[in-house]
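Participant: need coordinates for the following:
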Amino acid sequence: MRKNIVAGNWKMNNDLSQTETLLTSLKKQKQTSNAEVMVAPTFTNLWHAFEALRESNVEVVAQNMHFAENGAYTGEISASMLKSVGVQTVILGHSERRAYFNETDELLAKKVDAALTNSMRIIFCFGEELADRKGNNHENVVASQIKNALFHLDAAAFKNIVLAYEPVWAIGTGETASPEQAQDMHAFIRKTLADKYGNDVAQSVSILYGGSVKPANAKEIFSKPDVDGGLIGGAALKAEDFYAIVNAF
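Facilitator: The predicted structure follows:
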């Protein structure tokens, strides 16, 4: 049975003091759902967050990583470095990484391989731009991103992969795909997996929705049969809002 997951991506927000305040607030929240909960602070605060949440049920995950184990890659972080501070899961392929840092499917495939080689779990992100949606090309774009970065893997690898669908036009814009649009795309994603790896694999992979999920719309979005949770941006920076989403299941 696949897991319900709510992951908060803090992006480039919160210095150490602000992180401490948010972590303290998170630990005061009451969870009433069975969802797996994750937060992704900035690199500089990962160790502090891991230590602060060590006794909680909240997993600290990373927002990105490099494909190389070490070397002359100034400013980059490797999988083993993440694991050395307690991080076991990494977000890869976020739309902002693709858009602002020119991350390609081919590069992401290398990052995926590096994470799996280091026995890390992956939250793999993908999604279409507004022009793709308006041009009715959104399914082709999403299928291509998944196939190019992941379909070189064997079926067993998907035990360590969570998928996160991000309609790029619904991130930070206040726009949200309707629950029906989210379900339609998630069902298509699951079928794409099934066509390659079989229905057992497709039904075992959690698929998160990552497009302006808020306390007000989380319950309806999460009620859809192929939506297994959310990758949360802005709302994850307020502990009360974040746990309202966690408890929407």
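
Participant: contact partners for Lys196?
Facilitator: Taking Cβ atoms under 8 Å, 6 or more residues apart in numbering, we find Lys196 in contact with 147, 151. C-beta here means a position set from N, CA and C on the backbone, and glycine is covered the same way.

Participant: surely it is in a helix?
Facilitator: Yes: counting by DSSP: H, G, I helix; E, B strand; the rest coil, Lys196 is found in a helix.

Participant: how close does Lys191 get to Asn102?
Facilitator: Lys191 sits 30 Å away from Asn102, going by Cβ to Cβ, to the nearest Å.

Participant: ok, Glu59 next?
Facilitator: In terms of Cβ to Cβ, Glu59 sits 29 Å off from Asn102.

Participant: compare these two (neighbour count), which wins?
Facilitator: Glu59 (19 against 8; other Cβ atoms under 10 Å).

Participant: mind listing what the more buried one touches?
Facilitator: For Glu59, counting by Cβ under 8 Å, 6+ apart, the contacting residues are 36-39, 53, 88-89.

Participant: residues touching the closest residue to Gly8 other than its chain neighbours, list them.
Facilitator: Once flanking residues are discounted, Gly8 sits nearest to Ala236: 2.8 Å by Cβ to Cβ, 6 or more residues apart in numbering. Neighbouring residues of Ala236 by Cβ under 8 Å, 6+ apart: 8-10, 39, 242.

Participant: tell me the pLDDT at Ala236?
Facilitator: We note a pLDDT of 97 for Ala236 in this prediction.

Participant: kindly report the same for Gly211.
Facilitator: pLDDT, read off for Gly211, is 83.

Participant: what sits against it?
Facilitator: Applying Cβ under 8 Å, 6+ apart to Gly211 gives the contacts 127, 165-167, 170-171, 175-177, 182.

Participant: which non-adjacent residue is nearest it?
Facilitator: Using Cβ to Cβ, 6+ apart, the closest residue to Gly211 is Ala170 (3.3 Å).

Participant: isn't the one you found right up against Tyr209?
Facilitator: No: contact criterion Cβ atoms under 8 Å: Ala170 and Tyr209 do not qualify, at 9.3 Å.

Participant: which neighbours do those two share?
Facilitator: Ala177.
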